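[1] Here's my sequence, what's the structure:
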Amino acid sequence: MNRRSTIGDLYNTYFQALIEAMTEQYHWDVTNRTLQDENYYPFLSGFSHIEYLAVFRGRGERRKVCTELRIAKETDVFDALRRRKSEINAKFDAPLCWDPSPRMRTNLIRLQRNGDITVDTVDANELADIKAWHIKTLREFKKVFTPEIRRALEEQ
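    Below you'll find the model as predicted:
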């Protein structure tokens, strides 16, 4: 097995366990998407063009674990949320990164921490900690952002 498929297998195993936890314990709606060796998995938000993501980002010393809200640019939701940035940030224990990506078709709001899932360093205890963090932050995102997104859509 080559290194790429091994990392892909780690992603698939991790996200399958996360999906099962989110659907069985928290009745979260998920996409019918097949796992594809990717470093992220999108969860449904209940709103068109908006989804929650569990993500592994970065390389080398800058590896991060992220929970993100991805918003398609064809909506004005990101700008409406950004106008309430102070109020939204206050609802989280750590600062959110607001990324109005000019080169991408989406904007991101992200919460991140250090963490990694690589072939050389994978550790069952660390992965369990990361999974617990993803579950906690995905649930927090849904709790905070669902009413905020609804408010933004009503303002349009």
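[2] In this protein, which helix is the longest?
    helix 124-155 (DSSP state H).
[3] could you say what helices and strands that helix packs with?
    Applying 3 or more C-beta pairs under 8 Å, 6 or more residues apart in numbering; DSSP states H and E, we find helix 124-155 packed against helix 3-26, strand 50-57, strand 64-72, helix 77-83, helix 85-89, strand 106-114. Any C-beta I mention is one placed from the backbone N, CA and C, and that applies to glycine too.
[4] Pipe the ones you listed into a markdown table and attach distance to residue 143 per row.
    Converted to a markdown table, the helices and strands packed on helix 124-155 look like this (distance: least, C-beta to C-beta, whole Å):
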| stretch | distance to residue 143 |
| --- | --- |
| helix 3-26 | 11 |
| strand 50-57 | 11 |
| strand 64-72 | 12 |
| helix 77-83 | 15 |
| helix 85-89 | 12 |
| strand 106-114 | 13 |
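[5] low-scoring pLDDT stretches of the chain, where are they?
    Counting by pLDDT under 70, the chain has low-confidence residues at 1-5, 60-61, 119-122.
[6] Quick one: distance of stretch 28-39 to the chain centre.
    Relative to the chain's own centre, stretch 28-39 is displaced by 12 Å; criterion: C-alpha atoms, centre = their mean, to the nearest Å.
[7] who touches residue 127 in this structure?
    Listed by C-beta atoms under 8 Å, 6 or more residues apart in numbering, the contact set of residue 127 reads 14, 117.
[8] how about a cut-off of 10 Å?
    Contact analysis of residue 127 by C-beta atoms under 10 Å, 6 or more residues apart in numbering lists 10, 13, 14, 17, 18, 115, 116, 117.
[9] could the helices and strands packed on helix 124-155 be laid out in TSV, adding mean neighbour count?
    Formatted as TSV, these follow (neighbours: other C-beta atoms under 10 Å):
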stretch	mean neighbour count
helix 3-26	15
strand 50-57	20
strand 64-72	22
helix 77-83	18
helix 85-89	12
strand 106-114	18
